[in-house]
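Q: my questions concern the predicted model and sequence given below.
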Amino acid sequence: PQTAAISSMQLASEGSRNSVAPQLLKSYTTFDNQLREDAEEAHADLEKKRIDIADSEMPGEKPSWAKQLSSSPYFDAFFAAVVLLNAIYIGIE
């Protein structure tokens, strides 16, 4: 079994060997899979932080009128009625 600790010499020798003769069918080692999983996890954490920052508001800051309007249940009901009336109008036409 492959251990997680690989020296930089091993990586350098593998890199030069792979660059000369590419392998068509390569199986990934446990170390490669762990690196991929760590990278995916780090990317997911960054995306989560980015979304949290975009959605958060400053403490004590009042939300903008557009955000207040669009988050209202009356907004959803109004535009649902507009869509339904438009569908009826197109059907009659």
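A: Structure received.
Q: hey, which helix is longest across the chain?
A: helix 30-55 (DSSP state H).
Q: next, give phi and psi for Tyr28.
A: Phi and psi for Tyr28, reported as degrees, to the nearest 10, are phi -90, psi 140.
Q: residues touching it, list them.
A: Arg36 (Cβ atoms under 8 Å, 6 or more residues apart in numbering). C-betas here are computed from N, CA, C, even on glycine.
Q: next, the buried residues of the longest helix of the chain.
A: Residues of helix 30-55 classed as buried by neighbour count (16 or more other Cβ atoms under 10 Å): none.
Q: packing partners of that helix?
A: Helix 30-55 sits against no helix or strand, with contacts defined as 3 or more Cβ pairs under 8 Å, 6 or more residues apart in numbering; DSSP states H and E.
Q: assign a three-state SS to Gly60, would you?
A: coil (DSSP: H, G, I helix; E, B strand; the rest coil).
Q: got a list of what it touches?
A: Contacts of Gly60 (Cβ under 8 Å, 6+ apart): none.
Q: so for stretch 68-75, mean pLDDT?
A: Stretch 68-75 carries an average pLDDT of 89.
Q: pull the residues that contact it.
A: For stretch 68-75, contacts defined as Cβ under 8 Å, 6+ apart pick out Pro63.
Q: can you list the weak-confidence ranges in the protein?
A: The model of the chain has pLDDT under 70 over residues 1-26, 54-59.
Q: apply 80 and report the result again.
A: Low-confidence segments of the chain (pLDDT under 80): 1-28, 51-61, 63.
Q: distance of Ala39 from Ser71?
A: According to Cβ to Cβ, to the nearest Å, Ala39 and Ser71 sit 36 Å apart.
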